[in-house]
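Asks: structure for this input, please:
(one chain, ligands or ions: 2)
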Amino acid sequence: MNRINKLARVLAATILITLFASFFQMASAQDVQVAQVAPDVQVAQDVQEAQDVQEAQDAQEAQDAPDVQVAQDVQEAQEAQDAQEAQVILLDDFESYDDGALPLKWKYLHDKKLVWLAPEHMRPNERFTVVEEDGNKALRVHVRGEAVHLTMANEEDGFDWDLTSHPRLAWDWRAISLPENAREDKKNLNDTGAGLYVIYKFEGFIIKKPKAIKYVYSSTLPVGTVVSYGKLKVIVVSTAADGIGEWQHIERDVVADYREVFGGDPPDRPLSIRLWGDSDNTGSLAEADFDNIRLLPPK
Ligand SMILES: [Ca+2]
Ligand SMILES: [Ca+2]
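Replies: Ligands and ions are numbered 1, 2, ... in the order given. The predicted structure follows:
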């Protein structure tokens, strides 16, 4: 009987040991499984997080990108504008004179000679006056029943104009009063309240006449009209038909204009620029303001 009991105890102990062994084996197998699974999960999480971060960065960059591009475009446009501005040659913006003064950088025809403007040369029916308005100064040309002009000569009067580098001319003007019923295509009514001439050269065997283009603010003719007086060509660039009293900005490619009205190329260096007030044919008042006369590089 004792022997049987001993065998039973041994058997029970063996079963218990076997059960414990199985339990520990299963537990370690689960640990291995966890240990095997865990790195993959971590990697997957890491990948997901990395993707999220990348997507967030991409989204931010996509948001930022248009602004960066616009800023770059604005900067490049500004640089291009600055470069062009640096090449502009300013003839006169009338800011260097006192309000009410004569524009002393300009010459005037007196006794058939060009002389520097001086008060004693002025006749009663003509005035060239720097006028200030809203912080800006401009030249007011006022003539009644006369034709007068101011001249600035190339290579003499403080500027150097070469058409190969500066083929364009720009200015602002404003008509205040234009000669009534004047028209540049009728000799007996040929008045121009405001005109700007470019004189290219003088031609002729005995009497030398200027070969010139006269840009006008016409009392009656439409913009684009071209009138020919031999060596003098008139191009209407502003007209009272579109109204007066407002500033207008004019830009002309004078090389293109010369080719159009004369054919062939102009000389590289025009002789002079003249500002005109002309009301001698109609005997009426011509009054206009000029400003910002500038030579520009090609577009
Ligand atoms: Ca000015
Ligand atoms: Ca006239």
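
Asks: CA only for contacts and neighbour counts going forward, please
Replies: OK.

Asks: and the residue of the stretch 51-200 of the chain closest to ligand 2?
Replies: residue 191 (3.8 Å; Cα to the ion).

Asks: now do the same contact list for that residue.
Replies: By Cα atoms under 8 Å, 6 or more residues apart in numbering, the contact set of residue 191 is 179, 182-184, 278-282.

Asks: quick one: contacts for residue 212?
Replies: So residue 212 contacts 197-201, 231-233 (Cα under 8 Å, 6+ apart).

Asks: residues from the stretch 1-150 of the chain in reach of ligand 1?
Replies: For the stretch 1-150 of the chain, the contact set with ligand 1 under Cα under 5 Å from the ion comprises 93, 136-138.

Asks: okay, and which of the residues you listed map to strands?
Replies: Those of those mapping onto strands are 136-138, per DSSP state E.

Asks: of those, buried ones?
Replies: For these, a neighbour count by 16 or more other Cα atoms under 10 Å gives the buried set as 137-138.

Asks: distance to ligand 2 and pLDDT added to the ones in strands among the residues of the stretch 1-150 of the chain next to ligand 1, as CSV?
Replies: Shown next, in CSV, are those (distance: Cα to the ion, whole Å; pLDDT from 0 to 100):
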residue, distance to ligand 2, pLDDT
136, 30, 98
137, 27, 98
138, 23, 98
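
Asks: now, among the ones in strands among the residues of the stretch 1-150 of the chain next to ligand 1, which is nearest to residue 167?
Replies: Nearest to residue 167 among those: residue 138, at 24.0 Å, using Cα to Cα.

Asks: beta partners of the closest one?
Replies: Residues in a beta bridge with residue 138, per DSSP bridges, are residue 131.

Asks: that one contacts residue 95, correct?
Replies: Yes - using Cα atoms under 8 Å, residue 138 makes contact with residue 95 at a distance of 7.5 Å.

Asks: now the helix or strand that contains residue 252: average pLDDT?
Replies: Here residue 252, judged by DSSP states H and E, is contained in strand 248-253. Taken as a whole, strand 248-253 has an average pLDDT of 98.

Asks: okay if I get the contacts of residue 191 as JSON lines plus distance to ligand 2, neighbour count and pLDDT?
Replies: Below are those laid out as JSON lines (distance: Cα to the ion, whole Å; neighbours: other Cα atoms under 10 Å; pLDDT from 0 to 100):
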{"residue": "179", "distance to ligand 2": "9", "neighbour count": "29", "pLDDT": "95"}
{"residue": "182", "distance to ligand 2": "9", "neighbour count": "24", "pLDDT": "96"}
{"residue": "183", "distance to ligand 2": "9", "neighbour count": "18", "pLDDT": "95"}
{"residue": "184", "distance to ligand 2": "8", "neighbour count": "24", "pLDDT": "95"}
{"residue": "278", "distance to ligand 2": "5", "neighbour count": "29", "pLDDT": "95"}
{"residue": "279", "distance to ligand 2": "5", "neighbour count": "28", "pLDDT": "95"}
{"residue": "280", "distance to ligand 2": "5", "neighbour count": "21", "pLDDT": "94"}
{"residue": "281", "distance to ligand 2": "5", "neighbour count": "17", "pLDDT": "95"}
{"residue": "282", "distance to ligand 2": "7", "neighbour count": "21", "pLDDT": "96"}
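
Asks: among those residues, name the ones in helices.
Replies: Among the contacts of residue 191, none falls in helices (DSSP state H).

Asks: turn these into TSV, including distance to residue 119.
Replies: As requested, the contacts of residue 191 are exported to TSV (distance: Cα to Cα, whole Å):
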residue	distance to residue 119
179	25
182	29
183	31
184	30
278	20
279	21
280	22
281	25
282	26
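
Asks: now, the residues you listed that are in strands?
Replies: residue 278.

Asks: for residue 132, state which of the contacts of residue 191 is nearest.
Replies: Nearest member of the contacts of residue 191 to residue 132, counting by Cα to Cα, is residue 278, at 23.1 Å.

Asks: so that closest one sits right up against residue 287, yeah?
Replies: No - using Cα under 8 Å, residue 278 makes no contact with residue 287, being 9.2 Å away.
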